[in-house]
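just the structure for this:
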Amino acid sequence: MPVSVSVWQAMRRSPRRFLLSLWPWRCWAYVLSGTVVGVGALSALAFLAVLGVLFSVIGVGLVLLVLAALAGIPVGAVERRRLRL
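Below you'll find the model as predicted:
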């Protein structure tokens with residue numbers, strides 16, 4: 001659903017009208033989904049980093065550390081998609 005009015009324009013028109021529009025709900029959805037995505041990404045990154053450090057003695061950990069570094073690519077794609085919504 002394309003939005004033709006920016007959030008600042010919607011706020012300048014009428015505060016009451018803004019509060020009854022979809023903007024506050026979209027803002028809350030963005031914040032809450034960011035929390036969920038952030039916790040998931042942080043957990044996965046911390047898990048890969050810890051396993052990578054522990055297993056780096058036998059060489060497998062280096063592959064896990066590279067995967068942890070490359071994990072930013074799909075996380076970036078998810079964030080770009082969230083920004084479009």
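
and stretch 60-75, which residues are buried?
61, 64-65, 68, 75 (16 or more other Cβ atoms under 10 Å). For glycine as for every other residue, the C-beta is placed from the backbone atoms N, C-alpha and C.

ok, now how distant is Val78 from Ser14?
With distances defined as Cβ to Cβ, to the nearest Å, the gap from Val78 to Ser14 amounts to 34 Å.

re earlier: could the buried residues of stretch 60-75 go into TSV alongside distance to Leu51?
Formatted as TSV, the entries for the buried residues of stretch 60-75 read as follows, by distance: Cβ to Cβ, whole Å:
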residue	distance to Leu51
Gly61	7
Leu64	5
Leu65	9
Ala68	9
Val75	18
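
wait, which of those is closest to Gly40?
Sorting the buried residues of stretch 60-75 by distance to Gly40 puts Val75 at the head of the list, at 9.1 Å, by Cβ to Cβ.

now the closest one, nearest residue through space, not along the chain?
Among residues not flanking Val75 along the chain, Ala41 sits closest, at 5.0 Å (Cβ to Cβ, 6 or more residues apart in numbering).

on the three-state scheme, that neighbour is what?
The three-state label given to Ala41 by DSSP: H, G, I helix; E, B strand; the rest coil is helix.

now Val57
Following three-state DSSP, the label given to Val57 is coil.

next, count neighbours for it.
8 (other Cβ atoms under 10 Å).

may I have the phi/psi pair for it?
In this entry, Val57 is assigned phi and psi values of phi -60, psi -40 (degrees, to the nearest 10).

quick check, pLDDT for it.
Each residue has a pLDDT score; the one for Val57 is 84.

how close does it get to Leu51?
Taken as Cβ to Cβ, the spacing of Val57 relative to Leu51 amounts to 12 Å.

give the contact list for Leu45.
68, 71 (Cβ atoms under 8 Å, 6 or more residues apart in numbering).
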